[in-house]
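Q: structural data only, the sequence is not supplied:
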């Protein structure tokens, strides 16, 4: 099993550009999450989803959008990229809302 | 969001015990977790404790939970150089996982 797969692993964007970080999981998990990790700041929740068709904001949703049209996929969209969005982004999934979180390997995004 | 707090750094010698501390905010958290992150990788679950327990032991790992003070600790016995990583505590509140800032453990040979 592949687990949680994120693409791309690295990306450099110019200010104002848009892009989508892809996340897919093959474990049939209902719960999926997007986090960003900044040095010394831990992980901050951007958006999460409890099932296909359902998404909700986390702690830091501004500047991002998500969709969940299938159980497997949970893409994160950045519109009008800003330097403050330079970070490492992690997608994670869980079978239930209190169970083990399985993480992808991360996507390092730099906005210049 | 919720505030889960940890100290940022810990340095120990190989063979010593390491103790990583965490304070969390929400007394209704049903589970509390410890995750490990190695360089360039995502987080992996190390261990967890149910909120009605005071202690959990798993081989070299001991988790202590003080609900009154909302304090969680992770003790690693006989710390090895392979234990060098960042350790995160986390709580879950209504399906959302909140993480601390992470403690970077450096193990000196």
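A: That came through, no problem. Source: prediction; values computed, not measured.
Q: get me the contact residues on chain B for chain A.
A: B:1, B:4, B:6, B:8, B:30-31, B:35, B:40-45, B:48, B:88, B:92, B:94-102 (C-beta under 8 Å from any C-beta of the partner chain). (C-beta placed from N, C-alpha, C; glycine too.)
Q: what do you get if the cut-off is 10 Å, keeping everything else the same?
A: B:1-2, B:4-6, B:8, B:29-31, B:33, B:35, B:37, B:40-45, B:48, B:50, B:86, B:88-90, B:92-102, B:104 (C-beta under 10 Å from any C-beta of the partner chain).
Q: which among those residues count as buried?
A: B:2, B:4, B:6, B:29, B:33, B:35, B:37, B:42-43, B:48, B:86, B:88-90, B:92-93, B:95-102, B:104 (16 or more other C-beta atoms under 10 Å in any protein chain shown).
Q: please name the bridge partners of the most centrally placed residue in chain A.
A: By C-alpha atoms, centre = their mean, chain A has its centre lying nearest to residue A:34, at 3.1 Å. Legend: beta-bridge partners of residue A:34 under DSSP bridges are residue A:47, residue A:91.
Q: gap between it and residue B:55?
A: Residue A:34 is 34 Å from residue B:55, where distance means C-beta to C-beta, to the nearest Å.
Q: residue ranges with poor pLDDT in chain B?
A: Residue ranges of chain B with pLDDT under 70: B:1-2.
Q: isn't there a helix covering residue B:82?
A: Yes: assessed by DSSP: H, G, I helix; E, B strand; the rest coil, residue B:82 belongs to a helix.
Q: find the nearest non-adjacent residue to residue 38, please.
A: Looking at chain A here, since you left the chain open. Spatial nearest neighbour of residue A:38, excluding adjacent residues (C-beta to C-beta, 6 or more residues apart in numbering or on different chains): residue A:87 at 5.4 Å.
Q: not quite, go with chain B.
A: In this structure, residue B:38 finds its nearest non-sequential neighbour in residue B:85, 5.0 Å apart by C-beta to C-beta, 6+ apart.
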